[in-house]
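S.K.: A structural model of the following input is requested.
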Amino acid sequence: ALSVLMLPNGNVQIGVHISDVSYFVEPGSKLNTHAAYRGCSTYLANGLSLPMLPARLSHNLCSILPQQERLCLSLSFELTLSGQLVRTLGCARTV
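M.R.: Residues are numbered from 1 along each chain as shown. Here you go, the predicted model:
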């Protein structure tokens, strides 16, 4: 997921948020091996998807949905309107 916030100085704050599946996927488990083989979820233009994890996880518990608390890894940075990086604001595990 992406978030965009206009800053008072005319720049924009961009947030990149990805689902943190580590609570559900244990290192070395069969699920982890399968997910590593797939590498990532793929979303096709026709609305179909090839999820990295089983549907209950990829479409619900590990999916970043509006108005739902989810475990995430987030990175925020500030850009000028021309796209130049001003600074990295932080990287954190969030809910």
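S.K.: didn't R93 look like it was pressed against I18?
M.R.: No. Checked against Cβ atoms under 8 Å, the pair R93 and I18 is beyond contact range at 10.8 Å. Every C-beta, even on glycine, is put in place using the N, C-alpha and C of the backbone.
S.K.: Common neighbours of the two, please.
M.R.: 72-74 (Cβ atoms under 8 Å, 6 or more residues apart in numbering).
S.K.: Which of those residues are buried? Put it as a ChimeraX command.
M.R.: The ChimeraX selection below is limited to those of the shared contacts of R93 and I18 classed as buried (16 or more other Cβ atoms under 10 Å):
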select :72,74
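S.K.: coming back round to it: okay, R93 and I18: which has more neighbours?
M.R.: Neighbour tally, R93 and I18, criterion other Cβ atoms under 10 Å: the higher count belongs to I18, 13 against 10.
S.K.: That one against R70, yeah?
M.R.: No. Checked against Cβ under 8 Å, the pair I18 and R70 is beyond contact range at 10.2 Å.
S.K.: Common neighbours of those two, please.
M.R.: I64.
S.K.: Where is the longest helix in this structure?
M.R.: helix 30-38 (DSSP state H).
S.K.: packing partners for the helix or strand that comes right after it?
M.R.: Scanning forward in sequence from helix 30-38 by DSSP states H and E, the next helix or strand is strand 42-43. With contacts taken as 3 or more Cβ pairs under 8 Å, 6 or more residues apart in numbering; DSSP states H and E, strand 42-43 sits against strand 49-50.
S.K.: what distance separates the next helix or strand after the strand it packs on from the middle of the whole chain?
M.R.: Downstream of strand 49-50, the first helix or strand assigned by DSSP H and E is helix 55-56. Helix 55-56 has its C-alpha centroid displaced from the chain centroid by 17 Å (Cα atoms, centre = their mean, to the nearest Å).
S.K.: Cheers, nothing more for now.
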